[in-house]
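Undergrad: give the three-dimensional model of this entry:
(chains A and B)
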2 protein chains.
Amino acid sequence: MEAISIGLLGLGTVGTGVVTIIENHQDKLIHQIGCPVKVKKILVKDLNKARSVELDAKKLTTDPEEIINDPDIDVVIEVMGGIDETKNYIIKALKNRKHVVTANKDLMAVHGSELLTLASEHDCDLFYEASVGGGIPLLRSLSDGLASDRITKMMGIVNGTTNFILTKMNKNGSAYEDVLREAQALGYAEADPTSDVEGLDAARKMAILATLGFSMKIDLDDVKAEGITRVTEEDLQYGRQLGYTMKLIGVAEREGDKVSVSVQPTLLTDTHPLAAVHDEFNAVYVYGEAVGETMFYGPGAGSLPTATAVVSDLVAVMKNMRLGVTGKSAVAPQFKKQLKAADEIFSKYFLRLHVKDEVGVFANITSVFSEHHVSFEKILQMPLKNKDLAEIVLVTHQASQQDYEDILVKLRDLQAVQTIESSYRVEGSASA
Amino acid sequence: MEAISIGLLGLGTVGTGVVTIIENHQDKLIHQIGCPVKVKKILVKDLNKARSVELDAKKLTTDPEEIINDPDIDVVIEVMGGIDETKNYIIKALKNRKHVVTANKDLMAVHGSELLTLASEHDCDLFYEASVGGGIPLLRSLSDGLASDRITKMMGIVNGTTNFILTKMNKNGSAYEDVLREAQALGYAEADPTSDVEGLDAARKMAILATLGFSMKIDLDDVKAEGITRVTEEDLQYGRQLGYTMKLIGVAEREGDKVSVSVQPTLLTDTHPLAAVHDEFNAVYVYGEAVGETMFYGPGAGSLPTATAVVSDLVAVMKNMRLGVTGKSAVAPQFKKQLKAADEIFSKYFLRLHVKDEVGVFANITSVFSEHHVSFEKILQMPLKNKDLAEIVLVTHQASQQDYEDILVKLRDLQAVQTIESSYRVEGSASA
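TA: Residues are numbered from 1 along each chain as shown, chains lettered A, B, ... in the order given. Coordinates of the predicted model:
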């Protein structure tokens, strides 16, 4: 039986892992697919660099055209990263009817729908399991599930750096800046941590998940994203006192034909399973109408887990090739995007205020909430030391985002309100 | 393109769900597989019973031979339950070169290896995703992962009934018998709960997981199984006080070529993610050499989740049929079974004793542990009310099962030891 030929774009740690797995598991791969798999060509920057994997020097090239224009190559694996240049290579590969496996979340979040449409048009597969949740078989479970179920909600921790930081802050009572430095020293955070700590990385992954799970073209701009830089030790302390754990949570929800997607620091009820996801781990809840709730947990990054996910995509592509059903599994979004308005998105909220310690202030504040028909689940009030101020912590019942934002505007206008110290989404029922 | 023909054995709630999903998702199924799927014949007990799904009466039969001997039928879906009779049907179906999908854990735990071998010999697929963890795509993730990884450990909560009971006991401080009655009233426990509460159901699932994950024929007798009937409120209280949550945990471990499999009530460190798996939910941790730790969580039972899992197996079978690679994915165990001896299995242990409140007793007890080189992580001692007795609670560091059992024998012989009140495995590091 004829072998399937692979071309790799990139030979960093993930690419090296992919080559190693394909070499070491050749027999198992033949068993699954029914034919051998060969790596024909690999795009590298430097032909002479020492490699940790044994390779025929003739397989290496610095010219991408030798891969994307080679009629013998059936599948292109993209593990080089980057957006614009990489996108052009993938477009050319798809137009040349090559299937593509990529680990590139930046690319997929920005150009995913366009590339998936192009792949569909050319009967090609485009798989990207490794782009979200590293080694967790999340996208595959979503697509398999979609064949016989309808997904209504996805909620999870999809960024390892911020989860590491929040876990350490919560455990050691340390300040954000100190933990960030520790994370950078350990390699869990980059020198410029902006993309992680501002929630952008998580927003990209939620855009990818929502696009797949809801079959709607969800752009990065559609994701209301907020990072963890303003989370303080006081907030974590109050959270603990009230029975909550702070996590950076991505939520994608569908009601009828309308969806909302967000990434926000969120106070989770302690008993919620996501509250027990620590350190750099990722976990995503998926709610399906038939299956109910399932959750997938694992390493969100790392070269071996990522390489494993890439190879599992490769196996799926090769099976589809032999079935003659490529271009069907990872289809372009089928439904028109309909986003919920702010008055259609409901949540509980945690709010911490500093107010003047005077008669009638508390009544003034609560009346603002009453005007919007928002009631409270928890209330704490205590005097602040050495000041004529009191601290008020409120946890609301369900309120629309619109009402809550209007309430914040009105509270800021109240003469008695000194500062709004912090405000977070709250997830999980009080009784759970 | 020619349609694939299905025969169903059984039309209870799961069978009805399977028929409904195949009808409602015909287009999606064609997209994935490349040809239509038709339900040709269904084995029922009563032809005239009212059904919640619309069916051509000619499709129903009370004669199993009309399915297992019909040369037109490609795949047999077994959702009738039972062991001996069902096994004979499946054997005949496989010998007639029909692929089989089953949701039957009792059957697979006892005869799985034999049936998988037979399937292999006849180039047939035999899939059983729904037999463990209901709607959680666990077995598929294990087999997919096995293509490029080596699984070293599986640990989890695989029985919903006992998890429901332990959750309620822990939350409400209720006694085992009271919660069992509540579980029976809610339908979470059967009238005869023995199989669940004695750990047998969990042991079956662990035998299935270990057989697949380690590719070794693990029999039910190889699983050291213990249920939750002797778990008391006092044990849960002490657990909480020391930072542990009680769960019925199945563990399958491999070191080198040797394995051990057990189901035991276990005190888990509170911060362990499995400690946050509540009520009737299931969750399984899988440790792979390449991917690290992943966890799968979801409903362990229920007719719709189970039907969804059956259909996902059916899709996999049909893909393999069209690929010409059936009989390769769910292979019979490849390695010779090698079980660890009791002196090769290590764990921490929790031990609660009532001892005479006399000088030197504590030293006597600890010297028994020292003789076996077992040291302590935690020690609690307090007087018991109205008695000349004291209660001692010990949590050991890692000890071999052999050493620990020897210690228990010696402690029982000590004159100062009145009773050994309870003893449990402990999982999770103290620092986590």
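
Undergrad: now do the contacts for the residue in the stretch 101-250 of chain A positioned nearest to chain B.
TA: In the stretch 101-250 of chain A, no residue comes nearer to chain B than residue A:135, which is 4.0 Å away by Cβ to the nearest Cβ. Glycine gets a C-beta too; all of them are placed from N, C-alpha and C. Residue A:135 is in contact with A:298-299, A:302, A:304-306, A:308-309, B:290-292, B:294, counting by Cβ atoms under 8 Å, 6 or more residues apart in numbering or on different chains.

Undergrad: dihedrals phi and psi, residue A:102?
TA: Backbone torsions of residue A:102, given as degrees, to the nearest 10, read phi -130, psi 150.

Undergrad: how far away is the residue nearest to it when sequence neighbours are not counted from residue A:313?
TA: Ranked by Cβ to Cβ, 6 or more residues apart in numbering or on different chains and with sequence neighbours excluded, the top spatial neighbour of residue A:102 is residue A:78, at 4.1 Å. Going from residue A:78 to residue A:313 by Cβ to Cβ, to the nearest Å gives 11 Å.

Undergrad: so what's the residue count around the residue nearest to residue A:123 when sequence neighbours are not counted?
TA: Ranked by Cβ to Cβ, 6+ apart and with sequence neighbours excluded, the top spatial neighbour of residue A:123 is residue A:327, at 3.8 Å. Residues near residue A:327, counting by other Cβ atoms under 10 Å in any protein chain shown, number 21.

Undergrad: quick one: secondary structure of residue A:327?
TA: Under DSSP: H, G, I helix; E, B strand; the rest coil, residue A:327 falls in the coil class.

Undergrad: which pLDDT does the model give residue A:215?
TA: pLDDT, residue A:215: 89.

Undergrad: is it correct that it is in contact with residue A:335?
TA: Yes: proximity of residue A:215 to residue A:335 meets the contact threshold set by Cβ atoms under 8 Å, at 5.3 Å.

Undergrad: give me the element the residue located most distally from the centre of chain A is part of.
TA: Farthest-out residue of chain A from its mean C-alpha position, per Cα atoms, centre = their mean: residue A:359, at 46.4 Å. Assigned by DSSP states H and E, residue A:359 falls within no helix or strand.

Undergrad: could you give the number of residues near the residue nearest to residue A:270 when sequence neighbours are not counted?
TA: Closest residue in space to residue A:270, ignoring its immediate chain neighbours: residue A:243 at 5.1 Å, by Cβ to Cβ, 6+ apart. Residues within reach of residue A:243, counting by other Cβ under 10 Å, total 17.

Undergrad: before we move on, what SS does the residue of the stretch 101-250 of chain A closest to chain B have?
TA: Recorded secondary structure, residue A:135: coil (three-state DSSP).

Undergrad: check contacts around the nearest residue in space to it that is not next to it in sequence.
TA: Leaving aside its chain neighbours, residue A:135 sits nearest to residue A:305 (2.7 Å; criterion: Cβ to Cβ, 6+ apart). Neighbour list for residue A:305: A:134-136, A:298-299, B:290-292 [criterion: Cβ under 8 Å, 6+ apart].

Undergrad: can you tell me which of those residues lies nearest to residue B:374?
TA: residue B:292 (30.0 Å; Cβ to Cβ).

Undergrad: look up how far chain A lies from that closest one.
TA: From residue B:292 across to chain A, the span is 5 Å (Cβ to the nearest Cβ, to the nearest Å).

Undergrad: I'd say that residue and residue A:301 touch.
TA: No: in this structure, residue B:292 is not within contact of residue A:301 by Cβ under 8 Å, at 10.4 Å.

Undergrad: ok, how many other residues are close to residue A:200?
TA: 18.

Undergrad: how about the one 4 residues further on?
TA: By the measure other Cβ under 10 Å, the count of residues near residue A:204 is 26.

Undergrad: got it, and residue A:384?
TA: Count around residue A:384 with other Cβ under 10 Å applied: 13.

Undergrad: who are the contact partners of residue A:209?
TA: If you count contacts by Cβ under 8 Å, 6+ apart, then residue A:209 has A:132, A:138-139, A:142, A:154, A:158, A:250, A:252, A:284 around it.

Undergrad: among the contacts of residue A:135, which are located in strands?
TA: Mapping the contacts of residue A:135 onto strands (DSSP state E) picks out A:298-299, B:292, B:294.

Undergrad: any idea which of those residues is closest to residue A:173?
TA: Relative to residue A:173, the closest of these is residue A:299; by Cβ to Cβ it sits at 26.6 Å.

Undergrad: just the buried positions in stretch A:408-416, please.
TA: A:410-411, A:414, A:416 (16 or more other Cβ atoms under 10 Å in any protein chain shown).

Undergrad: and the gap between residue A:341 and residue A:402?
TA: The value you get for residue A:341 to residue A:402, if Cβ to Cβ is used, is 7 Å.

Undergrad: give me the more crowded residue out of those two.
TA: Between residue A:341 and residue A:402, counted using other Cβ under 10 Å, the more crowded position is residue A:402 (15 against 11).

Undergrad: and the helices in chain A?
TA: In chain A, the helices defined using DSSP state H lie at A:13-24, A:26-33, A:65-68, A:84-95, A:105-121, A:138-146, A:160-172, A:176-186, A:194-197, A:200-214, A:233-242, A:303-323, A:361-371, A:401-413.
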